[in-house]
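1. Turn this into a structure:
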Amino acid sequence: MSRKIKLCLLGDSNVGKTSLVSRFASDFFNEHAEATIGASFISKTLQVDDQSVKFQIWDTAGAERYRGLTPLYYRGAAAALLVYDVTKLSTFKTLTLWIDELKQFGPQNIVVAIAGNKCDLEEREVPTEEAVAYADEIGALFLETSAKTGKNVKNTFVRICRQLPSEKTALGTSCETIALNNGSTEEENHCYC
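-> As a prediction, this is how the structure comes out:
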């Protein structure tokens, strides 16, 4: 029997959220993917260590006109993957808005990961060091990804799985608070292109 994990995919429009999920779920990349309207749902089962994990991924629209709907998808989410485009500083700066929204509407112990997408491109506006510092500040995992090449895409979901509380803890048989960086060093929480 596989464990089911609800994950919300968050970030501004055109950062490559849908492309990341497409690469993860079907190892496919579409250079001309259309923008998500509202949200889309994709599931993918992944073997992590000795456990089968079924991701139920809600790919939310990043356009401002859909922002009011996004908190509806937070209920019951075990993890959130926040995506920004390494070539657009504005998409990195809005991560703070997404984090504030998660704090307000999301579950208390949600696992947060940040993906700096499009790391295959040479022009950059977001230095890796700045993104690492922000991820450390909020206790999130950090990876640089490329939906186009597949770099760190599967690894992102594997690392999220490893940060999740055990099923017993998730079901409430333990009263301990989950620490996002529990037992891992800062170096283990970062993965670069």
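2. C-alpha from now on. contacts and neighbour counts both.
-> Noted.
3. Now do the helices for this structure: every range, in order, please.
-> Here the chain has its helices, by DSSP state H, at 17-26, 89-93, 95-105, 128-138, 153-163, 167-170.
4. can you pull the buried residues of the first one?
-> By 16 or more other CA atoms under 10 Å, the buried positions in helix 17-26 come out as Lys17, Thr18, Ser19, Leu20, Val21, Ser22, Arg23, Phe24, Ala25.
5. Please apply the same query to the third one.
-> Of all the residues in helix 95-105, those buried under the rule 16+ other CA under 10 Å are Leu95, Trp98, Ile99, Leu102.
6. same check, this time on the second one
-> Taking 16+ other CA under 10 Å as the neighbour-count basis, helix 89-93 is seen to contain the buried residues Thr91, Phe92.
7. Can you report how many residues neighbour the nearest residue to Pro127 once chain neighbours are set aside?
-> Closest residue in space to Pro127, ignoring its immediate chain neighbours: Val86 at 7.8 Å, by CA to CA, 6 or more residues apart in numbering. Neighbours of Val86 under the rule other CA atoms under 10 Å: 27.
8. List the contacts of Arg23.
-> Phe29, Ala147, Lys148, Gly150, Val153 (CA atoms under 8 Å, 6 or more residues apart in numbering).
9. Among those, show me the least confident.
-> Lowest pLDDT of the contacts of Arg23: Phe29, 58.
10. Excluding residues flanking it in the chain, which one is nearest Arg124?
-> Thr87 is the one closest to Arg124 (CA to CA, 6+ apart), at 4.3 Å.
11. Same check on Ser19?
-> Ala147 (5.7 Å).
12. Identify the residues contacting that neighbour.
-> Contacts of Ala147 by CA under 8 Å, 6+ apart are Gly16, Ser19, Leu20, Arg23, Phe29, Asn117, Lys118, Val153.
13. one more time with 10 Å
-> 16-24, 27-31, 117-120, 153 (CA atoms under 10 Å, 6 or more residues apart in numbering).
14. rewinding a little: would you format the contacts of Arg23 as JSON lines with distance to Ala80 included?
-> Formatted as JSON lines, these follow (distance: CA to CA, whole Å):
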{"residue": "Phe29", "distance to Ala80": "22"}
{"residue": "Ala147", "distance to Ala80": "17"}
{"residue": "Lys148", "distance to Ala80": "21"}
{"residue": "Gly150", "distance to Ala80": "20"}
{"residue": "Val153", "distance to Ala80": "15"}
